[in-house]
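Asks: mind folding the following:
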Amino acid sequence: MKVVIIGGGWSGCAAAISAKKKGAEVTLLERTDMLLGTGLVGGIMRNNGRYTATEELIAMGGGELFKITDDNSRHKNIDFPGHSHASLYDVGKTPGAVLQYLNEIGVNVVFEARIAKIDMENASILSVEDGQGNIYKGDVFIDATGTAGPMNNCTKYGNGCAMCILRCPSFGGRISLTGLAGIKEYVGKKSDESIGAMSGSCKLYKESLSPEIVNELNTKGVAVIPLPEDLIEDHLDIKACQQYALKEFKNNIILLDTGHGKLMTPFYSIEKLRRIPGFENARYEDPYAGGKGNSMRFFAMAPRDNALKVEGLNNLFCAGEKAGLLVGHTEAVVTGTLAGYNSVKFCEGESLLEIPRQLAIGEAIAYVKEQMEIEEGLAKKYTFSGSVLFDRIKSLGLYTINIHEIENKVSELGLKNIFA
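Replies: Residues are numbered from 1 along each chain as shown. This next block holds a predicted model:
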């Protein structure tokens with residue numbers, strides 16, 4: 001069984017692990033020269049409902065990537081405005097740890113493989129071809145290409161190319177496998193009906209900040225610096241990460257320690273930033289133009305069922321943001337794990353798994369599908385850690401940090417170690 005995964009972000013890596021564990025020959029194609037995609041500028045795990053989803057997947061036997069982030073966390077069980085019991089993984093160390101694990105289990109990882117063509121027959125994908133003419137044949141394919149960029153979208157709908165972690169000028173912009181196959185994709189909107197949404201944070205070079213701020217980040221993991229009124233920039237409505245669209249993130253500079261200083265706003269004028277005590281010499285790490293803009297996301301989401309099989313094609317699955325308006329690394333890992341598992345079930349001719357809605361993961365996958373089929377739903381973003389989805393999960397009684405309770409529920413549903 002040959003499984004070919006396009007996109008080496010969190011969801012693609014999770015899909016690769018899951019498919020490999022079920023006995024497939026797995027090839028993971030990544031457009032750039034590093035894994036984890038926007039996870040290279042992320043770092044937040046286990047906050048709010050993500051804790052529940054994490055422990056659900058661990059109980060189902062799919063916790064390898066969560067173990068890696070736990071092992072590489074700089075801070076655990078911290079709180080910051082609107083969020084509890086978060087872990088912050090080191091964005092410098094984690095990508096290497098993930099690559100090492102994939103190599104150890106025998107996943108064939110190919111870097112600088114930007115897919116440009118596909119060969120199809122009778123609604124089935126036979127192979128994909130990268131820009132160098134290399135052809136990758138498979139029995140089943142997984143689209144984990146994400147929804148951010150490419151440059152023309154950032155220019156048209158954002159503030160121009162900000163040279164973000166996606167590095168489109170160097171490696172070429174994202175190309176959707178689902179789109180190449182001729183499937184019409186969903187496009188997300190902001191609350192004002194404009195297209196797309198901007199990534200919710202960027203990175204400051206930590207050593208460019210004052211020793212006092214650096215010490216606070218290193219010891220506490222969080223620094224909250226109140227802003228004078230004339231330095232406030234209101235970017236809440238344009239954020240993809242609506243769980244951080246709280247007034248505290250407008251009225252304060254909120255930094256998290258992920259190895260760099262994770263600035264919890266899509267962008268912030270560097271001229272204004274340097275007027276704040278402690279930020280006199282501040283500079284951005286990546287995005288390098290974080291004073292102006294950030295990557296634009298949610299331009300290309302696949303129509304899919306709750307087993308994450310793309311509708312209209314025989315042998316294509318999807319994961320991560322490609323699977324809908326799901327924001328975050330945890331969301332990418334859980335959808336990637338399910339897509340990888342079901343890709344092998346498909347090859348074996350077995351019934352595909354849909355995670356029941358009695359679990360937070362199952363509710364998220366099913367609810368987002370429902371919401372994306374209505375106009376109002378396309379203007380929202382969904383995450384375990386806040387906003388619409390977290391509110392729903394809490395109202396349904398699915399949110400808990402009681403690991404024993406989670407394990408019991410997974411066992412009662414017959415899903416204990418199913419991904420193991």
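Asks: show me what the lengthiest helix in the chain is packed against.
Replies: The helix that spans the most residues within the chain, counting by DSSP state H, is helix 329-347. Under the contact definition 3 or more C-beta pairs under 8 Å, 6 or more residues apart in numbering; DSSP states H and E, helix 329-347 sits against strand 2-6, helix 10-21, strand 44-45, helix 49-59, helix 64-71, strand 140-143, strand 316-318, helix 360-372. C-beta: built from backbone N, CA, C; applies to glycine.
Asks: rebuild these as TSV, extending it with mean neighbour count, mean pLDDT and distance to Gly82.
Replies: Shown next, in TSV, are the helices and strands packed on helix 329-347 (neighbours: other C-beta atoms under 10 Å; pLDDT from 0 to 100; distance: least, C-beta to C-beta, whole Å):
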stretch	mean neighbour count	mean pLDDT	distance to Gly82
strand 2-6	27	98	34
helix 10-21	30	98	22
strand 44-45	24	97	12
helix 49-59	26	98	12
helix 64-71	20	98	21
strand 140-143	32	98	32
strand 316-318	32	98	29
helix 360-372	22	97	18
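Asks: wait, which of the ones you listed is closest to Asn122?
Replies: For Asn122, the closest of the helices and strands packed on helix 329-347 is strand 316-318, at 13.2 Å, according to C-beta to C-beta.
Asks: what packs against that closest one?
Replies: Strand 316-318 sits against strand 140-143, helix 177-180, helix 329-347, with contacts defined as 3+ C-beta pairs under 8 Å, 6+ apart.
Asks: what about Leu256, is that helix, strand or coil?
Replies: Assigned state for Leu256: strand (three-state reduction, DSSP: H, G, I helix; E, B strand; the rest coil).
Asks: could I get the helices and strands packed on helix 329-347 as TSV with distance to Thr258?
Replies: Converted to TSV, the helices and strands packed on helix 329-347 look like this (distance: least, C-beta to C-beta, whole Å):
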stretch	distance to Thr258
strand 2-6	26
helix 10-21	14
strand 44-45	8
helix 49-59	15
helix 64-71	11
strand 140-143	27
strand 316-318	27
helix 360-372	24
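Asks: run a quick neighbour tally on Gly414.
Replies: Using other C-beta atoms under 10 Å, Gly414 has 8 other residues around it.
Asks: how near is it to Gly324?
Replies: Look at Gly414 and Gly324: by C-beta to C-beta, to the nearest Å, they are 26 Å apart.
Asks: got it, and Ile253?
Replies: Distance from Ile253 to Gly324, by C-beta to C-beta: 31 Å.
Asks: who's more crowded, those two?
Replies: Neighbour count, other C-beta under 10 Å: between Ile253 and Gly324, Gly324 has more, with 30 against 23.
Asks: from Ala59, how far out is that one?
Replies: 23 Å.
Asks: I figured Glu56 hits Ala364, correct?
Replies: No - counting by C-beta atoms under 8 Å, Glu56 sits too far from Ala364 to count as a contact (10.3 Å).
Asks: so what sits against both of those two?
Replies: Val334 (C-beta atoms under 8 Å, 6 or more residues apart in numbering).
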